[in-house]
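[1] build me a model from this:
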Amino acid sequence: MPIRFFLKQWLMPPGMLFVLLLAAWWLRARRPALARLCFVLGLGGLWLMSLPLVVQQVARALESEPALAPAQWAGLASRADAIVVLGAGRERGDPAWDGADQPSALALERMRYAAQLAKASGLPVLTSGGLHYGTPPSEAQLMAQRLQDDFGVAVRWQEGASRTTWENAQMSAQVLQPLGIRRVVVVTQAWHMPRSRWSFEQAGFEVVPAPVGFLGRDHARSFGGLLPESRALWQSGQLINELVGLVGYRVFY
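    The predicted structure follows:
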């Protein structure tokens, strides 16, 4: 797993773009024309990734599932039998919480939404997410604890072994389908929902998408989103990973 993660970090942008810049420096004397091309591609790619406007447009292409209207929340119990919240990483050893690991900001956004859906509909909740680099507790356990303590929602099931979206779906099926549960509300980021829905449908579920955290909307950035932002660089990386995942899942699964 660490080797795969290392390779992924360098083969995917922005890692690959830094590799291009290093190649430009290395080739500057021997192959100046190739060095210039590497420099333009590397720097140009980083510049595009840092633009909020680019994030907005790419996200808009990915966010194909509409949001659930609040008026639909109470009626979810007629359309599904459980809510599944997908993990989104964790923060290690936060001193503000006595050194305890905490769910990431993305995970908290999903949990907050799932808590509102659960309270409105009365549906039971499953949290899905495994160990982070093999270190306990699992993401599922962290989310379950925070949903109980911070949002007053008891989690009925925890799936704490998955490492990917595909495994989220397959291992959630191992927990829920023996209980006769095949209709689920899936809560995840809007840009992650197409791959998530496809994975859960492949696992035998009927899916009610509950996307949150839309990035493809106008966020009123200055100068039309054409000024670089560090946050946009990170968001672009997430969206590129999602685009590659959409293709890769259909090829490999």
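
[2] tell me the SS of residue 92?
    State at residue 92, reduced to three classes by DSSP: H, G, I helix; E, B strand; the rest coil: strand.

[3] measure it to residue 241 for me?
    Using Cβ to Cβ, to the nearest Å, one obtains 21 Å as the distance from residue 92 to residue 241. C-beta: built from backbone N, CA, C; applies to glycine.

[4] so those two - more neighbours on which side?
    Each of residue 92 and residue 241 had its neighbours counted (other Cβ atoms under 10 Å), and the higher figure belongs to residue 241 (16 against 11).

[5] report the contact partners of residue 244.
    Each residue near residue 244 by Cβ atoms under 8 Å, 6 or more residues apart in numbering is listed here: residue 12.

[6] and the helix or strand encompassing it, average pLDDT?
    Assigning secondary structure by DSSP states H and E places residue 244 in helix 230-252. Averaged across helix 230-252, pLDDT comes to 94.

[7] cool, and stretch 51-63?
    According to the model, stretch 51-63 has a mean pLDDT of 96.

[8] buried set for that stretch?
    Across stretch 51-63, burial judged by 16 or more other Cβ atoms under 10 Å covers 51, 52, 53, 54, 55, 56, 58, 59, 62, 63.

[9] do the same with stretch 83-98
    Applying a neighbour-count criterion of 16+ other Cβ under 10 Å, the buried positions in stretch 83-98 are 83, 84, 85, 86, 87, 88, 90, 91.

[10] closest one of those residues to residue 16?
    Of all the buried residues of stretch 83-98, residue 16 sits closest to residue 88, with 23.5 Å by Cβ to Cβ.
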